[in-house]
Each structure stands twice: as structure tokens, then as C-alpha cells.
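Visitor: Pasted the sequence and its predicted model underneath.
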Number of protein chains: 4
Amino acid sequence: MPAKKDVDAIIDPKGSLEILSHQEIARLTDTSSSGLHELFRQCALAVLNTGSKLDDSREVLERYKEFQISILQQDWGIKLDLKQAPSNAFVEGEVIMGIGEHLFAVLRDIVFFNNEIERLVKHSGDKDAISNLVFHILRNAKVLKSSSKPDLIVCWGGHSIGRVEYKYTKDVGYELGLRGLNVCTGCGPGAMKGPMKGATIAHAKQRIKDGHYIGMTEPGIIAAESPNAIVNRLVIMPDIEKRLEGFVRLANGIIVFPGGAGTAEEILYILGVLLNPENKGMPFPLIFTGPKESEDYFSQIHRFIGDTLGFEAQQLYKIIIGDAKTVARTMKKGLESVYQYRKEKGDAFYYNWLLDIAPEFQEPFEPTHENMSELKLSLELPKHELAANLRRAFSGIVAGNVKDDGIRAIEAHGVFEIHGEENIMNPLDELLKAFVAQDRMKLPDENGYKPCYKIIK
Amino acid sequence: MPAKKDVDAIIDPKGSLEILSHQEIARLTDTSSSGLHELFRQCALAVLNTGSKLDDSREVLERYKEFQISILQQDWGIKLDLKQAPSNAFVEGEVIMGIGEHLFAVLRDIVFFNNEIERLVKHSGDKDAISNLVFHILRNAKVLKSSSKPDLIVCWGGHSIGRVEYKYTKDVGYELGLRGLNVCTGCGPGAMKGPMKGATIAHAKQRIKDGHYIGMTEPGIIAAESPNAIVNRLVIMPDIEKRLEGFVRLANGIIVFPGGAGTAEEILYILGVLLNPENKGMPFPLIFTGPKESEDYFSQIHRFIGDTLGFEAQQLYKIIIGDAKTVARTMKKGLESVYQYRKEKGDAFYYNWLLDIAPEFQEPFEPTHENMSELKLSLELPKHELAANLRRAFSGIVAGNVKDDGIRAIEAHGVFEIHGEENIMNPLDELLKAFVAQDRMKLPDENGYKPCYKIIK
Amino acid sequence: MPAKKDVDAIIDPKGSLEILSHQEIARLTDTSSSGLHELFRQCALAVLNTGSKLDDSREVLERYKEFQISILQQDWGIKLDLKQAPSNAFVEGEVIMGIGEHLFAVLRDIVFFNNEIERLVKHSGDKDAISNLVFHILRNAKVLKSSSKPDLIVCWGGHSIGRVEYKYTKDVGYELGLRGLNVCTGCGPGAMKGPMKGATIAHAKQRIKDGHYIGMTEPGIIAAESPNAIVNRLVIMPDIEKRLEGFVRLANGIIVFPGGAGTAEEILYILGVLLNPENKGMPFPLIFTGPKESEDYFSQIHRFIGDTLGFEAQQLYKIIIGDAKTVARTMKKGLESVYQYRKEKGDAFYYNWLLDIAPEFQEPFEPTHENMSELKLSLELPKHELAANLRRAFSGIVAGNVKDDGIRAIEAHGVFEIHGEENIMNPLDELLKAFVAQDRMKLPDENGYKPCYKIIK
Amino acid sequence: MPAKKDVDAIIDPKGSLEILSHQEIARLTDTSSSGLHELFRQCALAVLNTGSKLDDSREVLERYKEFQISILQQDWGIKLDLKQAPSNAFVEGEVIMGIGEHLFAVLRDIVFFNNEIERLVKHSGDKDAISNLVFHILRNAKVLKSSSKPDLIVCWGGHSIGRVEYKYTKDVGYELGLRGLNVCTGCGPGAMKGPMKGATIAHAKQRIKDGHYIGMTEPGIIAAESPNAIVNRLVIMPDIEKRLEGFVRLANGIIVFPGGAGTAEEILYILGVLLNPENKGMPFPLIFTGPKESEDYFSQIHRFIGDTLGFEAQQLYKIIIGDAKTVARTMKKGLESVYQYRKEKGDAFYYNWLLDIAPEFQEPFEPTHENMSELKLSLELPKHELAANLRRAFSGIVAGNVKDDGIRAIEAHGVFEIHGEENIMNPLDELLKAFVAQDRMKLPDENGYKPCYKIIK
């Protein structure tokens, strides 16, 4: 198929209420390094590149380097003026409405989180400031919903999964949707799209018109995992750590489908947080699930968790294989405990304030070669610290695989080196090899996957 | 899988405004032969039997012969009290909201069309009375939508189709939905469900919250083709002829997917109507389409039409193979002509008053053995009369295949005999054999299909 | 002020869903005596004549004898084409939206009730048929609201009242509205408009966006009492008797403000119905109220009821003077009994099926000179029969005062003669004289009021 | 009437989306001097004191000194817990919904403007920062509406006006509402309430369900001018200058009804701003209007403007006496020029960015005795500077009349002294005397008005 022609278009915020002040427009238009324009341009591009088969951020940015976006102030509001935009976002020259909304969501969040970071986060390590910041961003994005029951399920899993696994994520989403539950994912393809599709059909059958399909992303990953248009609440968090905090505070329960390094990062994050003694006894429904064909995958994950974080960590989740209906029922039951617990403690259903998230899970980790090679991976660490470091290791691998900065760093300095005790390095090595063998690292292409890391035992 | 237990439940008209007068309740409760209770019970059962694998009406009625439904008058309205209802319609003991709505739609239509028939149709053969009746039923069911552009596509095709064809009907529905079009079908499974599913996903992406998914059925067929829950406007027409008139007057364009005898009946109906000299020159977008795998199927249909109705009839439709996007584009373009034509003639977008439907297409055809054997099938007839008789022949075969009365008639008196000229009987025989070979007559079961007819050349 | 120029305009059913069949358009366009066109024209004229100071139907019809209305069939629905319409209904050449809606309500009801009468009312004296008919008309007009509590208050009272009384009706409406109650009136000026205005302000304060302001009228009276534009559910009943039945079946409670002959007719109707032994024990909140200045008025009414219908009838209502808040509170409390009673009996909140209405209150009374003079007014009659006859007497006076037919009859044949026993005729005479003295018979004009009746003792 | 008992109640944010972060709750609960609790308590009290006859802030605070408010964090959001609240806000123990919304608006704005002031206004005299701040507060309060036409009319005028003037403000509001226009006022009684009441009735007739009734106030004045419950968008600005900037940037046109010192302050503000040479040529519809009875009042205002600001200033407004319809028509026409101008300049309809507001109109003026006595009032000043100083003089008088701080200052230090040239002092003196004579300074009470100022010529 010949490349489709890029598109020029003016986008109208139909149904959106985005109204910007002069100051905000100035910042979005500021192309200097302190300005927000380039950040805005890149996120907008990612949004428009929906449905693309490309998950290499650098390639995306290269491919559309002529893409331009500017803001037109109009009498009744603002418009966006696009030049050379990816054609995927358009049907017969008209932008898909959902994608148009995403563009304005990007605008809203970038303006907002920059203002708020400036105001709130005076010094690093201020746990509460960060939790409040995450809250404010989510509220501003209209993602916090005052509802009478916990009903939001976060679904994690890989963007690069096979047809059978994908079908299964749809089935689970369908069963969740039939039971009136809403879905939040990382908003790209694969396991992030399937549950939303399933839930959409189920919500149509249940006449639920305001189903929430929340997509939560961050500027580094968005280009690799373009939001799918079903997402009707898109949020751009400032970085991966705030995105992860957003997921776990928003979630009334979490379902993990098969995935690669990113999914492993997510699993280690939630396990690390739940292993924190402060969080002991808090009900947190956590289900790992996949079709019968993924049984081995989860056996290996389960083993890896046992080898590194131990038996206690294995008690925090439940593995259900090949039974979408049981997944939904188990989750629904789990939500009952969440309901009781929050009611008792007077905590909000829409934001888990009670969850204690330690600084090592909040502080942004920059995956430089140095930082990666210095990660301490030893069984002598307290379990949640080990989880934090393993999380960082996987975070670095994700960056090296699909993020623009990471890919450039690998090109410049070679692969990341990850050091650690053998009894951690061995299962880690195996797990990563399995991810590669199963095409879970990146969307498969003709060149095959080239690892961006080296395990040093 | 063991049979699931039948369900007892009280159904509440959530979101529905159905309010009945004492007189109406009395008629629905009247179990005498002049009363409506048995008709109501059978249609309600069909609605509840959603998603069933059974398309034999008689078996459905047998299987659920203990099913009971009654009306409870409450202070704020009415409720339905169900005993021994099919469990498919329920999730964790709660009726699926869409199915609940369908039950009240059944109630509304049965009450209404009985009143209206009584009032309007004083003597048979009153063309205008029937067209007005069809209009009133559709209006009462809130199916007539005053919109600024023609946008309703009727999709026909079999309830028994394979996975590849089914996937294709979803793709076409998706492309229609992306372009803002709405869908009307006969409301059962297969080609009647796929386009709605595809359109639902596309409408979600386009943020179209009030997509119309119209299902039009009639008491004879509903048990064999239970409405799927996506249908958000269900209409029960009094009989197959009024249902067909409803389809063609409602349609701004028609897409035909592969199917069996019912689909053939529909094709012959619309071709017969369009061949009527009174309708000459009226734009009526009509597309036959299927995946690459269905190319032969449509070749044969095309040949059959050529052999029986001739070259002129072949000019009335367009065949597009394996290209969902082109189907949607072609349809969209066709709607432009419809728009121009109706504007010019001052006709409504939502009801094609201008279409002339001759009495032979309006009068109910009762498929008795006698009527079937006396059908005149000869090339000497005017084309639209031949089309009318062929339509009747297929209608009878559908009855013999899946309708309760038809199946009982076949059991009692043996197969229908269809007589006619050899140059019609031969292609007809071939076509029917192909339907059988391709499992299009009925949903496949272990016993295989046993024809309910015999072609006498 | 010089007469304002009449207006030509095309009216678009914005927000309305009125879609007509060819058959219905034909009937509305039919200017023969069996057709509906003249009826439609007169009602439409009345609706457009909103806010007029004229309450003489004949004069209204004369003044606008050039007024024309026709129906335009359009691609997307219908429009109304007006010629020489009263300018009151327009602001800067645009019809007031509420009045535009009223025009389409007129259309809807006239079409509907003609169809239904034809279908339902096979022979006179069929009580149930009439009650079902009234129900069907109200349902079709979307006036029956399935709500969780009884909340609809019917307000009666004169169209010709003074400023102080008018202000008081607003106060009562305000207090009802603050308590979440809805209002139904006869939809003209005076006591029919004040409560709606008050309720509108209160509903705005209570953020009730879907307040019901029901106006119920009939073709004979509408020209004298043009609906005010606040009415957001206008219903045209076929005649005065069905309108009265509509009021009392719809009402969860009734408030009577001061008024003239029409108000007396209403009071006698409800008392007559409640005196029916079949209705004994049914809670029916009925309050007579006015400002301090109206105390004498109600004393006289109370005395008249005592003199004619006796002590028992006086127990059926409560008189509250000059205390709007207490009126609203008393009514709210009364609704509690209605709630309990209907719940217990399984009757609907939105339609009082249990109320027994005897034939003498259902049968249309034609106020000819002969019928008027033959009314039997004697204390020997059972109370509810006497009430029925007194009701007819006042009904005739209303016709002679403001209805087109009545005024013409008086012109042609002189005043109505009303005969009866002296102990009825005396209080009746006094009451009527008081109405005249207080300007309650008609809107005051320079010529003063000329009685259309003569009391023969 | 005995004093009504104060009320204890829990208020639920029905329909509101207010969700607070822990940080925000902490600030609102902080009773230290740097905390927001006392500010919140006072504004909440003012809101609850709706419909009171008291316009002396100090007395209000005294009367309800036992009033307490606290925030309850709940599972699904927050609630407000009130103790000893004014009973006016309640109907049968339930808070009037509009007042409940106002409480949450207070909460929202106090939290928000404190955050924003902190972030935006780094140093005084930053014109753009203040204009952006005002914009952000209005946007956050959902007051900025992206509409296709300019339609927001700011109405100014006194809280203490007579019945005839009040009725006239309703008539004007009614005519504005019939023409689809929205209303913004200072949200107290009198001329701030009448136009909203009129518009509410007109919007009901025009079926406008989302009419905007914006009330804009500030913590100093709110206790003297409690918002009326019709206001459906209440905004608390940080101080009087930002409130005035809010009014003139939000307004598409301004109507001034009769009033006292506060109205004079507003007139001088808008004239001062429009006299700024930077604003020359900008269309800004400005109408002074009242009933026939107020003709003298406006003659005197007109003369005062001529005497102080000169002929040019008199060209900026139009005086229309006793003709509500012409006011509405003139305004509607004026909006056409606004529409053209903003379209041409690419400025927003909902916020007048182009208006240049000089620092002397933005900087908060603290009405101490010293500041008041040092005001320079001389004809030698440029006109817009003189306007600025006259504005400050009236602002001080308002404070001395009704604001808590001002009243206390007068008690402690005697009346304000206002110095100036005789040819300004004389007309000023006359104007103030007229305000006193006409009861425009304060709501009349038995003690009569005691001036808080002295004119030193």
C-alpha cells in the first residue's frame, strides 16, 4: 500500500469547552526551550498518529518532521491549525471526533500540569505535594467521578500481543462492561484497546451512555502508544512515575493482561507499593489473566515474582486463566471489599488517598546508562526497595525500546548494562528472553527485535 | 455445558415511558383467542431468548413452554413479572438493560398495531391505508427521525453466516459508522448483528451518542431471529409484508450481505418494487457486498437475477467485493442523490412516501401447501409480478425452515411443492442447493438441513 | 396605541418531533365540514393570540378573519405557514418558542383525539371508553409523568381577577414550586397564569429544569383564554367535560382561587364527583384560597355550597385565607395521604383511575336555550345530581359569556332562562350578581358586562 | 414576626462536581490567620443569608456569630456541615438547591483564587497578570461561555430601590430574555435581582433552559448583598477592583439602573476605562435607564458627569427613559457592532481582551481615612484619572455604608473627609444628598441614614 498523503486541517473544539487565556496561548506558542510548543507538538502528533503500526517514537517523529500545529484565536474560542498531519486521524478529510477531542485534551493537560508543578512541587521528595498534583491533574481532566460505588478497573498489558490474547482482552472488557464497570488503560493498542472495545459493546447493550474509557499516558510514551479513539477521557501525566501513581490511586481494581517490559514495570510498581508495610491490610483487587494460550506466560511471571519478591508478593494477586466471566465476577466481588473499606475509612471512591506511596516510587527515574548500571538488585534489600529498583530496570528497557530519548541514548552509547546478584539476574534474563521470543518487546517488524540492554550477572 | 437455569424476575421499565391504559392492559392480559396475551408472550419470549443458538421457532416455544409473563400495575407505572425466562437475557440475575427495553417495545407495538389495524385497514387492497399504517407504527416506535440528511442504511443478509463473512459485516458497519450513518437490520444474529457492532465502535470514536440501531421484525420470525441487545429501537411489525414495506420506505439505501432464503426474499422484494414502472428514475442506492470469499455467492445471485428478472433488474444494484471502505463511500455518494431527489420532490428523508408499492407486494401471503403449489412462476409474467411470486416462494421456504406455523405445516403435510417453467426452476433449484451446501438455510446443527420444499420442473 | 400589524411567518417545529402521515395531513387540510381544517385554524389562532386583552371568542375570530394557516411538507418534516397572524406571538418577527410549540401541540391533539374518538367511543354512556380516551389523549401529549411521588397540583380560578388576587396566585405558585410541586391550569391569563409564573421562579431557584406547567383547554374556550407561553405541556381536550375529567384524574390535589362562572363550574364538578358515594373515603386535597381581600368572596361561595349541596359538601374542601406558605404546606401534607392511598390500592400517581365519574359528569352538555331552561334545579335531587345540573347551568353561562357559539346563540335568541326552586335560585342569583359586581364574568371593558342569562325563580 | 430559628444542616453537593484535594481541604480548614477558614465562613454565611432585609455586613456577622461551617470528607466526595445557619436559605428544613450550589461556588472560588494569586501575581502593577487572573477565575467558575454571538448583558444598579424601579428592572430583564440575552449582575437584591427574574420568565417562554444568570461579587460586599437564588453562576472575585474588571471584560453591553454610591462607582469605572485613549473607537453599548419616575435621577447623573468628566464622557452612554422594549432593542443592535468588531479583531466574545485597563483601575484601593482624604479631585487631571479618583471616593463611601471593615473604621475614627476643588465638590455634594434623600444609600430602616463622609470644599 502506498503511503497515504499527509493532511492539512483546521480543528474545531466541537463540544469541548477549552478556552485559553492569553498567557496560556503565549506559553504554548513559545518555541524557545523554556516554552511548551515542542512538547505540545510532539504529543499532538502522537495523538494524530492513532492506529499506526509504528511504536518507535523516534521514527514517528522523523516520519512526520514536517508536521506543524498552531493555535488560532477566534471570536468564539480557539482552533488548531494542522499542517502535514498523519492521515490516520481523518475520515474523508474530517478528523475523527474522538481524536479531535484528544488534541484538546493534550492542550489542556500540558498547560495545566506546567502551571501546577510550578505552584505545588517546591522541592523534590514532598510526597503529599506530588499526590495532590496527581489529583489536581486528574480532576482537571474530569477523570475523577463522584459515583456511588467503586467501578473503575485499570487494565494493564502489552501493546504488542497476538490475536488470541487480544480477543481475550475484548472478552474481559465485555464482561466488565455488562456489569456496569468502567475501564482505564494506558491508551495505546493491544491490551490497552481490547478491554475498551469490549466494554463499549457491553455498555451499548446496557444502555450506559456515559461509560468512562480513560486513557492515561505521558509525553515520553505517547508517541509509541498512540491513544485509540474510543478513549473518551485522555490524560497526559507529566512523567511515567506520576502516570503510575495516577493508575494506582484511580484504580478500584487492576487487571493485568500479558505484556512485555512495560507490563513488568507496572506489575513491579503495584507489588512494590502494596508490599509497603503501611499498606498492609488494604483491599486491592489485582488479577492477572489471559487466554488458555497464555498460561505459560503467567507461570513464568509468577515464578519470577516468587524468585525475587517472594511468597508474600505472590499473595497479592490472583491468576485466572481463560475465563473472562470469572475475572469480571471476581473483580466485582473484590470491589465490595473496596467499598466497605473506603466507607469505613471515609476515603474517596475516586482517589485512593490512603495508599502510601514511598519516595522511591514517586521520584522520576532517568534511565541514563549510568543510572541503569548502578541499580542495586540484591535479595538483601527490603522487598519493596528491590521492587522499586526492578521497576526502574524495566522502565529503562521500555525507554530503550520505544521512547525517543532512550533510543537515541542507546544509539549513542550502546546498550544499557544491568548488574545484580545472580539469583536475580538469572530469572530476569529468562523473563526478558521470553518477552523477546514472544514478540512482546515491540510490535514485530521485518528486522526483528534488537535488545537495548545486557544482563551482567 | 449443562443447560442454564431459567430465571424468574420482575422487570422495571427503567428509562422507558410506557404507560398503559386499563383498556390496553385488559387486552394484553386477555388469554382468549381474540386477546393479545399469547402473541405478547411469544414475542417476549423471543426477545429474552437473545443470543441463543436455536433458530427453530417451534423448538424455542417448546423449550420454554413454562415461560410466563404478566403485567403488574404499580403506583408509578407498570412492571413485567417473568417466570421461567431464558437465562441469556440476564447478567447476575439482572436483565440486560437493552433486553428490558425490548420487552417494553414489544408491549408498545403489539398494543399499538392492533389498535391501528382496527382503525385504518377497513378493507384489503387499500394501498394508502397500509402505507399509513406502516408509517404510524414506525412513528410510534420513535424510529422516524427528523434529520437534516438521509443517513439510514438498511442492511440485509443471513442469520447463518460464517466467521469471515461476519467479520466483514462488522467492517462495513464500522466504515458506515465512521461516516455518521445509522443502521437498520432484521435484528437477529449474523449479518443483522455485525453491522451494528461495527457501527457502535465507530460511533464511539466519533462521539455519536444517539446512533440509531433499528431492528425491525415481526411475530412470525422473531423467535427464530432474537433481537441482539445493541438494537436500541426495536419495532415489531404485524407481518412479513409490512416489515418489508417498512424496510424499503425507511431505507435511504440498502446493503445486502450474503444470506439464505430470507435474503433472497428481500432481494426479490426490493427488485420487484424498483422494477415497477412507477418507480423508474428514483435514486435508490442498493449494494450487494461480501468478503472476497463470497465472490462466487454473489456471482450466482447475479446470474439468477439475470436468468429470471433480466438485464434491467441487474442494473438496479452494484456488487462490491471485499472492500468495506468503498462500500461506505459508494453508499455515502448514493445518499447525495437521494438527498437531491427528495428535496426536489418535497418528500421526507425519514419515509419514502414516493415509492409505489403494488398490492402484490403488500398483501399478506400465507404459505399454505396450496398457495405454494399454485404460485405462477413463468417468464411470461411482467417482471415485477414474477419477482412478487418468487418472493412468495422464498417466503414460504423461510416459513418452512424456521417459523412455528411453517414447521408444523411441513410436519403435517410434507414438503411444499413449487411448480414453474423449467428455465426458472433450474436456476432456482441451483440457488437453493447452493444455500443448503453453504449452510445458509438454518444455523448448522448435528442433524444437517432437511429441505422443506421440492422443486417440480 | 395603534393596532400592531399582523404577521406572516413560517414556523419550524424546533425541538418538536411532530411528524405527520399523509393521511393526517389530508385531514388537517380538508376544509369540508367533515375535515379538521377549520378547527385547527381556530385553535391555532387562539394560541397565537396570547396575551391579548380580548376574551370574547367571537370578536377574536372576527378580528382575525383573514388569518390563514397551512401545512408545508418538507424533506425533514413539516412547517406551518401563517398569514396575518396576531403579532403578540412574535418578538422581532420571530415566534416565541413556547407559542411555536403550542401550535404543534394543537396539531398533535386535534389529529389524535379525532382518531381516538373514532376508535374508542362507539356509543355514548360508555364510561370506561371515555376515561380511556382521556388517558390516551393525555399520554399522547406527554402529560402523564411516571414519578416517584404525587406532585401535580391543578390550580383553578378566574381569568379576570384583580392585581392583588393575581399577585397572590403568584405567591402560592412560588411556594408550591419551592416544594418541588408542578402546576396544571386551564392555561389562560389571571389565576391560570400566576401560579405558573411563581412556580417558574421557584423552580429556577431549586434548579428544577423540567418543571411541568400543564395547560389544559378545549376548542370552545381556547380563544377566550389563550395559553400563556410558560405552559410547556399544552393539551387540547375534545370538549369541556373531557377537560374537566382530565383535570380531576390528573390532579394529585386542587387549589381554587377566586373566579367567575367558569370557576363555579369547576367547583361544582369536583364537589359533584366527590359526593358520589363510590368515591367516599378517597383522599383528595382540595383548597380554596385567596388574599385577605378575597375573604368575602369565599364566604359567599361557602354559603352557596351550604345552601345547595349541604354540609357534607362543605367538608370536602378547606378554605385558607391570605397565607400562601400554609396553602403549600397543607397541600404537601395532603399529598402524603394521596401517596399512601394510591400505593395501597395500586393505582397510578399520574392518573386517578379509582375515581368514579358518573355519566352525568361525562356526557357533553350542549348549552342550547332549550337545554338551559330545562335544567332541573331542586333540593330534592340527590346532591351529586344537583351538582351536575348546577355545573351545567354555569357551563352555559360561560358559553354565553365568552364562547363563539354561545355568544351567537344569545344574539339570536336572547338570554338563557334558568328555572328552579327558589331556595336554589336565590343564592344562585346573589352569587352571579356578586360575580358581575366584582368584574369576574369577563375581562372588564368600557361597555360593562351584559348578563347572558336570567334567573327565573 | 418572631425571629426564625437558625438551622443546622448537612449540605450535599447535588449535581455539583466539587471534589477537593487534601491540600485544599487543609487550607479551608485552617483557622490560623494565613488560613482560609474565616474567609470561607463569612462568605458562606452571606450566601445563606439570602433574602435578608439587612445590608449592614457588620450586623450580619454579629447576628450570626454562632454560625459554623465545616467540611466532611465522604467516600463519594465532600459535604458541608452547618450549625446555626440563617433559616432563609431553607424550605421545610431543606436548603434551596440554588443556595446549596452557591455554597460550593464559594468554596471553589476561594480555593482557586488563592492558588492563582499566589502563582500569577508576582508583583503589583503587572497589568497582564491581573487580566489573566480575572480570566482564570471566571473560566474556573464556568462563566466563560463559548457562544456564537455576543449575548451577555451586565446590569448595574442599586440594591436599595423602590417598587416602581424594581418592577421596571424586571421588565427590562424580560425584554432581554425574550431576545435570548443573558444577564450578569452584582447578585444582591433590587436592580441586581429584578433583571434576572424578568429574564427567567422570558427564557421559560422561549424554552431557553440554560439561561446564564451570573452573579459576581467579592468577599467585602457579599454580606451586604447576598446572592439571590436565581443566580446560577456565582463567582467570588478577590476584591472590588477585580470584580469591576470582571464585569467590563465579561460584558457585551452594560445597562445601568438607578442606584446609590455603588452604582456611581460602577459608572465612573466604566467611563474612566472608556475614556482611556487606547480604547477609543471600541464599540461598547452602555445604556442608562429607569422608569419615567427616575427621569430626574438620570438628569442629575448626566449633569454630574458633564460637570466632572465633560462632554466627551457624556457621549459614551445613551439614556432611555421608561421604555423597556427600546432598551432591549437598542442593546441588541449595539451587540451587532460588538460582534463585527470582535470578529474583525479576532477577539473572544466571552472576554474583552482588547479593552485597556490602566493600573489606576486595577490596583486595589484601600479606603482608609488617610487614603480617602488624600484623593486628588481636580479638573486639571486627565479625565480618566479624575474618573479613577472619583471612583475611589465612591468606593470608600460604599465601604463606610455597608462593609464590615469600613463600618468599623468609621466607628473608630469618624467620617471620611473628601477634599477637592469646589467645582467638583459642589456637584458631588448634591449628588450624594440626592442619594440620601432618595433612600439609595442603604436599605431604609427606622434610624434613617447617617452619612459616613464629609465633603470639604
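Guide: Alright, I've got the coordinates.

Visitor: who's in contact with residue A:453?
Guide: A:372, A:396, A:397, A:400, A:415, A:416, A:417, A:418, A:432 (C-beta atoms under 8 Å, 6 or more residues apart in numbering or on different chains). To be clear about C-beta, it is placed using only N, CA and C from the backbone, and glycine gets the same treatment.

Visitor: Near residue A:206, how many other residues are there?
Guide: Taking other C-beta atoms under 10 Å in any protein chain shown as the criterion, the count of residues near residue A:206 is 23.

Visitor: now residue A:284
Guide: Residues within reach of residue A:284, counting by other C-beta under 10 Å, total 21.

Visitor: about what we covered before: export the contacts of residue A:453 to JSON lines and tack on neighbour count and distance to chain C?
Guide: Below are the contacts of residue A:453 laid out as JSON lines (neighbours: other C-beta atoms under 10 Å in any protein chain shown; distance: C-beta to the nearest C-beta, whole Å):
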{"residue": "A:372", "neighbour count": "25", "distance to chain C": "57"}
{"residue": "A:396", "neighbour count": "28", "distance to chain C": "53"}
{"residue": "A:397", "neighbour count": "27", "distance to chain C": "53"}
{"residue": "A:400", "neighbour count": "25", "distance to chain C": "55"}
{"residue": "A:415", "neighbour count": "16", "distance to chain C": "62"}
{"residue": "A:416", "neighbour count": "26", "distance to chain C": "58"}
{"residue": "A:417", "neighbour count": "14", "distance to chain C": "63"}
{"residue": "A:418", "neighbour count": "25", "distance to chain C": "60"}
{"residue": "A:432", "neighbour count": "22", "distance to chain C": "58"}
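
Visitor: measure residue A:379 to chain B for me?
Guide: 44 Å (C-beta to the nearest C-beta, to the nearest Å).

Visitor: pLDDT wise, what is that residue at?
Guide: For residue A:379, the pLDDT comes out at 95.

Visitor: my guess is it meets residue A:386, correct?
Guide: Yes - contact criterion C-beta atoms under 8 Å: residue A:379 and residue A:386 qualify, at 7.1 Å.

Visitor: related to what we said a few turns ago, could I get the contacts of residue A:453 in TSV, plus columns for pLDDT and secondary structure?
Guide: Output for the contacts of residue A:453, formatted as TSV (pLDDT from 0 to 100; DSSP: H, G, I helix; E, B strand; the rest coil):
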residue	pLDDT	secondary structure
A:372	96	helix
A:396	95	helix
A:397	94	helix
A:400	92	helix
A:415	94	coil
A:416	96	strand
A:417	95	strand
A:418	95	strand
A:432	94	helix
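
Visitor: Say whether chain D is contacted by the lengthiest helix in chain A.
Guide: Counting residues, the longest helix in chain A under DSSP state H turns out to be helix A:97-120. Yes - applying C-beta under 8 Å from any C-beta of the partner chain, one finds helix A:97-120 touching chain D at A:115, A:118, A:119, A:120.

Visitor: now that helix and helix D:97-120, what's the angle there?
Guide: Put simply, helix A:97-120 runs at 60 degrees to helix D:97-120, going by axes from the mean of the first three to the mean of the last three C-alpha atoms, to 10 degrees.

Visitor: for helix A:97-120, the distance to its chain's centre please.
Guide: 16 Å (C-alpha atoms, centre = their mean, to the nearest Å).

Visitor: again with stretch A:252-262
Guide: 10 Å.

Visitor: That one near chain D at all?
Guide: No - if you take C-beta under 8 Å from any C-beta as the test, stretch A:252-262 misses chain D, and the best it gets is 11.6 Å.

Visitor: ok, back up a step: let me have the contacts of residue A:453 in a markdown table, extended by distance to residue A:92.
Guide: Rendered in a markdown table, the data for the contacts of residue A:453 read as follows (distance: C-beta to C-beta, whole Å):
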| residue | distance to residue A:92 |
| --- | --- |
| A:372 | 47 |
| A:396 | 43 |
| A:397 | 41 |
| A:400 | 39 |
| A:415 | 45 |
| A:416 | 45 |
| A:417 | 51 |
| A:418 | 49 |
| A:432 | 44 |
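
Visitor: quick check, nearest of those residues to chain D?
Guide: Nearest to chain D out of those is residue A:396 (C-beta to the nearest C-beta; 31.5 Å).

Visitor: list the contacts for the residue nearest to the closest one when sequence neighbours are not counted?
Guide: Distance criterion C-beta to C-beta, 6 or more residues apart in numbering or on different chains; nearest residue to residue A:396, sequence neighbours excluded, is residue A:367 at 3.4 Å. Going by C-beta under 8 Å, 6+ apart, residue A:367 touches A:392, A:395, A:396, A:399, A:400, A:406, A:409, A:416.

Visitor: On the pLDDT front, check residue A:443 for me.
Guide: 83.

Visitor: hang on, it packs against residue A:161?
Guide: No - assessed by C-beta under 8 Å, residue A:443 is found out of contact with residue A:161, at 9.9 Å.

Visitor: Those two: who's more crowded?
Guide: A direct count of neighbours by other C-beta under 10 Å for residue A:443 and residue A:161 places residue A:161 higher, at 28 against 20.
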